[in-house]
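Chemist: below are the sequence and a predicted model; questions follow.
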Amino acid sequence: MSIGTTSRILLVTGLSGAGKSTVLKTLEDLGWEAIDNFPVRLAKPLLDLPQAEGSGDADMPLAIGFDSRTRGFEPTRLINEIRQLQKRDDVEIMTLFVDCAGAEIERRYSETRRRHPLAQDRPAIDGIAQERALMEPLRDWSDLVIDTSHMSASDLQAEIRDRFRQPDGKMTVSLVSFGFSRGVPPNADLIFDLRFLQNPHWDPELRPMTGLDRAVGEYVSADEGYQEAFDRIADLLRFLLPRYDAQGKAYVTIGFGCTGGRHRSVFVTEEFARLLREDGYSPSVKHRNLHSRPVDALEWQGNQARPMYND
């Protein structure tokens, strides 16, 4: 391993069960080299190792995880060792502490049926309290503290992505079509409601088809409001996406919804995927309700007036 000029190093610590492993895995997905349960006293020898010939890892940021289970763990001494590392001109080093309320950690351990590392033969809450007291100096000294008490694993992953995505990393754009009758995607950053467009569900020939079929696309795009709406949404996305990217946002999810999620939203999502590819993005596309069963009662909820047709 080699460390390049002004290498970026993140020391990740915190309470057992608070989410340190999730943090390290997410950093690894972002292109960091991640090492867990690594004695900090060995960090200096690690940094001094020569780069392997042909290795492209010189500028790869490094995340080192440690906690109360790490061999030789003693908070005051660790803080002093980290201070020594921070004196190096070729290293930019910071410490992240992952915290969590004791009751929430206890709940997590009870759900997984794992034992707390400091309470192998006692109630988990005793080990949690002991570890919190032991780790308190590191928490107070850390550059950044993330409290996961009210976070799911996906929430924590999103937080780490937003904070630690590499500056030269490309923003990931995801497009999802969905039906409002089946719920709104919880992770969407932008949502566009397409229920103002004429609904192919009420055409007996188009009803069994989807927005991936040409006839459905022609029907939707024939709506008098379609082209103007498409152009305005395109202008908005072309305005917002570069600004999200400039702010370091790693992931942007854009949702297009109709009533059932099978016709209008699918067609429009495909059209915007094509547009964004032309603009230089590489969006992923998901049609959440494409294979859902068409149901008149659900479609009826999204229409003020139900079109008449012959069965």
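Modeler: On my side now, so go ahead. Numbers count the residues shown, from 1 in each chain.

Chemist: so where's the longest helix in this structure?
Modeler: Taking DSSP state H as the criterion, the chain has its longest helix at helix 226-246.

Chemist: and for that one, what's in contact with it?
Modeler: Outside helix 226-246, the residues that touch it by C-beta atoms under 8 Å, 6 or more residues apart in numbering are 171, 173, 189-190, 192, 196-197, 220-221, 252, 254, 268, 271-272, 275-276, 279, 281. No exception for glycine: its C-beta is placed from N, CA and C like everyone else's.

Chemist: now the buried members of those.
Modeler: 171, 173, 192, 197, 220, 252, 254, 268, 271-272, 275-276, 281 (16 or more other C-beta atoms under 10 Å).

Chemist: of the residues you listed, closest to residue 287?
Modeler: Using C-beta to C-beta, residue 268 comes nearest to residue 287 of the buried ones among the contacts of helix 226-246, at 11.1 Å.

Chemist: confirm that that closest one sits in a helix.
Modeler: Yes: in this structure, residue 268 lies within a helix as judged by DSSP: H, G, I helix; E, B strand; the rest coil.

Chemist: residues contacting the closest residue to it other than its chain neighbours?
Modeler: Of all residues not flanking residue 268 in the chain, residue 256 sits nearest, at 5.0 Å (C-beta to C-beta, 6 or more residues apart in numbering). Contact partners of residue 256, counting by C-beta under 8 Å, 6+ apart, are 175, 176, 177, 178, 191, 192, 194, 265, 268, 269, 272.

Chemist: re earlier: list just the nearest of the buried ones among the contacts of helix 226-246 to residue 113.
Modeler: Nearest member of these to residue 113, counting by C-beta to C-beta, is residue 252, at 37.8 Å.

Chemist: what pairs with the one helix or strand the residue nearest to residue 268 maps to, parallel or antiparallel?
Modeler: Secondary structure assigned from DSSP states H and E places residue 256 in strand 251-258. Strand 251-258 has its sheet partners listed here by DSSP bridges as strand 172-179 (parallel), strand 190-193 (parallel).

Chemist: let's have those strands in TSV, adding distance to residue 33 and mean pLDDT.
Modeler: Output for the strands paired with strand 251-258, formatted as TSV (distance: least, C-beta to C-beta, whole Å; pLDDT from 0 to 100):
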stretch	distance to residue 33	mean pLDDT
strand 172-179	21	92
strand 190-193	33	97
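
Chemist: can you tell me which of these is packed in deepest?
Modeler: strand 172-179 (a mean of 23; mean count of other C-beta atoms under 10 Å).

Chemist: between helix 226-246 and that one, find me the angle.
Modeler: Here the directions of strand 172-179 and helix 226-246 differ by 140 degrees (axes from the mean of the first three to the mean of the last three C-alpha atoms, to 10 degrees).

Chemist: how about the CA coordinates for strand 172-179, as CSV?
Modeler: Once non-C-alpha atoms are left out, strand 172-179 reads as follows in CSV (Å, rounded to 0.1, in the frame of the first residue of the first chain):
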residue,chain,number,x,y,z
THR,A,172,-25.4,8.6,-9.6
VAL,A,173,-28.8,9.4,-11.1
SER,A,174,-31.7,6.9,-10.7
LEU,A,175,-35.1,7.2,-12.4
VAL,A,176,-38.1,5.3,-11.0
SER,A,177,-41.6,5.0,-12.3
PHE,A,178,-44.3,4.2,-9.8
GLY,A,179,-48.1,4.3,-9.1
